[in-house]
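Visitor: Need a 3D model of the sequence below.
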Amino acid sequence: MIKTWLLILVLCSGVERICTPVSELPFEYKTYHMCTKEAYSKSFELLFDGSMSTGIINEKRLFTRWSCLPFSEEVILPKPKPSTET
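Guide: Next up, the predicted model:
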């Protein structure tokens with residue numbers, strides 16, 4: 001069962017063709033809905049509500065990319081192999 005959704009958000013330059021993570025650690029959310037909502041919100045804040053100037057956005061053709069990925073122990077840890085002892 002999925003317990004957490006991880007938001008991976010990166011800032012990209014269309015001119016330089018590189019993307020840089022916005023945070024070292026992913027953001028965690030309890031639902032996929034909240035993860036996607038925050039992805040759009042954080043993208044908007046990053047580009048338009050912060051210190052990013054219109055000139056830099058235009059010059060480097062900046063945009064964000066993001067993914068909301070499921071996180072649970074089942075996703076991370078493989079299931080134990082069946083015993084081969086008879």
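
Visitor: Surely S13 touches R61?
Guide: Yes: counting by C-beta atoms under 8 Å, S13 touches R61, with 6.4 Å between them. Backbone N, C-alpha and C define where each C-beta goes, glycine included.

Visitor: out of the two, which sits in the more crowded spot?
Guide: For the pair S13 and R61, the greater number of neighbours falls to S13 (16 against 12), based on other C-beta atoms under 10 Å.

Visitor: Next one: the nearest residue to that one once chain neighbours are set aside, what pLDDT does it get?
Guide: Among residues not flanking S13 along the chain, K60 sits closest, at 4.4 Å (C-beta to C-beta, 6 or more residues apart in numbering). With respect to pLDDT, K60 has a value of 96.

Visitor: What of E45?
Guide: 93.

Visitor: list the helices and strands the top helix by length along the chain packs on?
Guide: When the chain is scanned for its longest helix (criterion: DSSP state H), the result is helix 32-44. Helix 32-44 makes packing contacts with strand 4-13, strand 27-29, strand 62-71 when contacts are defined by 3 or more C-beta pairs under 8 Å, 6 or more residues apart in numbering; DSSP states H and E.

Visitor: With distance to T54 added, can I get those strands in JSON lines?
Guide: Output for the helices and strands packed on helix 32-44, formatted as JSON lines (distance: least, C-beta to C-beta, whole Å):
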{"stretch": "strand 4-13", "distance to T54": "15"}
{"stretch": "strand 27-29", "distance to T54": "26"}
{"stretch": "strand 62-71", "distance to T54": "10"}
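
Visitor: out of these, which comes closest to S43?
Guide: Smallest distance to S43 across the helices and strands packed on helix 32-44 (C-beta to C-beta): 4.0 Å, for strand 62-71.

Visitor: out of everything not next to it in sequence, what's closest to I18?
Guide: Using C-beta to C-beta, 6+ apart and skipping the chain neighbours, the partner closest in space to I18 is C12 (6.9 Å).

Visitor: show me the contacts for the one you found.
Guide: Neighbour list for C12: I18, C19, T20, L62, F63, T64, R65 [criterion: C-beta atoms under 8 Å, 6 or more residues apart in numbering].

Visitor: Now, of the residues you listed, which are buried?
Guide: Among the contacts of C12, the ones that count as buried by 16 or more other C-beta atoms under 10 Å are L62, T64.
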